[in-house]
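S.K.: Just need the structure, nothing else, for what follows:
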Amino acid sequence: YTVLGVSRSASAGELKKAYFALAKQYHPDVNKAPTAAARFREISEAYDLLRDPASRSEYDRYGSAAGAGQ
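M.R.: Next comes the predicted model:
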């Protein structure tokens, strides 16, 4: 949630809006900063986790340890 700048109660639409705004800002084709690619990956991974209701529920329940087995 912190990576995307949204609250835990954010709707799917709010998650999507936050993702696209950040992806547009940090996409390596647009942002030439040395850290842009890593930041873009972090944003994409956060969105992939939170946009899926099952993985979001697991994350909400167990925190970042939920994805540790992947």
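S.K.: Tell me how far residue 50 lies from residue 34.
M.R.: Look at residue 50 and residue 34: by CB to CB, to the nearest Å, they are 26 Å apart. The way it works is simple: take the backbone N, C-alpha and C, and place the C-beta from them, glycine included.
S.K.: what's the answer for residue 3, then?
M.R.: Taking CB to CB, one finds residue 3 at 19 Å from residue 34.
S.K.: out of these two, which sits in the busier spot?
M.R.: residue 3 (17 against 7; other CB atoms under 10 Å).
S.K.: in what helix or strand does that one lie?
M.R.: For residue 3, there is no helix or strand it lies in under DSSP states H and E.
S.K.: Identify the residue nearest it in space, chain neighbours excluded?
M.R.: Of all residues not flanking residue 3 in the chain, residue 46 sits nearest, at 4.0 Å (CB to CB, 6 or more residues apart in numbering).
S.K.: Now the host helix or strand of that neighbour: buried residues?
M.R.: In the assignment (DSSP H and E), residue 46 maps to helix 36-51. In terms of neighbour count (16 or more other CB atoms under 10 Å), helix 36-51 has its buried residues at 36, 39, 40, 43, 44, 46, 47, 49, 50.
S.K.: Put together TSV for those, with pLDDT and distance to residue 25 on each row.
M.R.: As requested, the buried residues of helix 36-51 are arranged in TSV below (pLDDT from 0 to 100; distance: CB to CB, whole Å):
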residue	pLDDT	distance to residue 25
36	97	9
39	98	9
40	98	9
43	98	9
44	98	13
46	97	14
47	98	14
49	96	20
50	97	18
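S.K.: so is residue 8 in a helix, a strand, or just coil?
M.R.: In three-state terms, and counting by DSSP: H, G, I helix; E, B strand; the rest coil, residue 8 is coil.
S.K.: Quick one: residues contacting it.
M.R.: Residue 8 makes contact with 1, 60 under the criterion CB atoms under 8 Å, 6 or more residues apart in numbering.
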